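Visitor: With the input below, show me the fold.
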Amino acid sequence: MKHLNLTFSGMDAKEMLIETGVVTDLCQDGIGIHAQRALKPGMELALLIGCPDSDDHMCIPEARVAWASGDYFGVSTRTMTPEDCEKLRQMFVSARCQS
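Guide: Coordinates of the predicted model:
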């Protein structure tokens, strides 16, 4: 099964972080992510999500960590347009359907 890989960046205290992860699920106003780094609720992030089998990427410049549990966390994406939300949903479904 293919996944939507992503790169995220933000500030952790006074340290800039750039990490990678995988989109695990979507909801109406957020994204579930698995990464190798634990994050704290409230952190502001920028996300760059790669489209499977394409060089295209989707940039989400404003996301906030809503919850975190170990190396899983959820981000709020309330600033995304409905069109971008639909594009992300289609990317996610497409990645999940490919083997």
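Visitor: quick one: low-confidence ranges for the protein?
Guide: The chain contains residues with pLDDT under 70 at 1-2, 53, 98-99.
Visitor: Mind doing that once more with 80?
Guide: Across the chain, the ranges flagged by pLDDT under 80 are 1-3, 13, 51-56, 96-99.
Visitor: and the residue of it most remote from its centre, how far is that from residue 31?
Guide: In the chain, residue 14 marks the outermost C-alpha relative to the chain mean, sitting 21.9 Å out by C-alpha atoms, centre = their mean. According to C-beta to C-beta, to the nearest Å, residue 14 and residue 31 sit 26 Å apart. Backbone N, C-alpha and C define where each C-beta goes, glycine included.
Visitor: give the contact list for the closest residue to residue 10 other than its chain neighbours.
Guide: Closest residue to residue 10 apart from its sequence neighbours, by C-beta to C-beta, 6 or more residues apart in numbering: residue 45 at 4.1 Å. By C-beta atoms under 8 Å, 6 or more residues apart in numbering, residue 45 lies in contact with 8-10, 39, 63-65, 75.
Visitor: Let's see that with 7 Å instead.
Guide: Contact analysis of residue 45 by C-beta atoms under 7 Å, 6 or more residues apart in numbering lists 8-10, 63, 65, 75.
Visitor: Could you do residue 24 as well?
Guide: Applying C-beta under 7 Å, 6+ apart to residue 24 gives the contacts 32-34.
Visitor: try 8 Å
Guide: Residues counted as contacts of residue 24 (C-beta under 8 Å, 6+ apart) are 32-34, 72.
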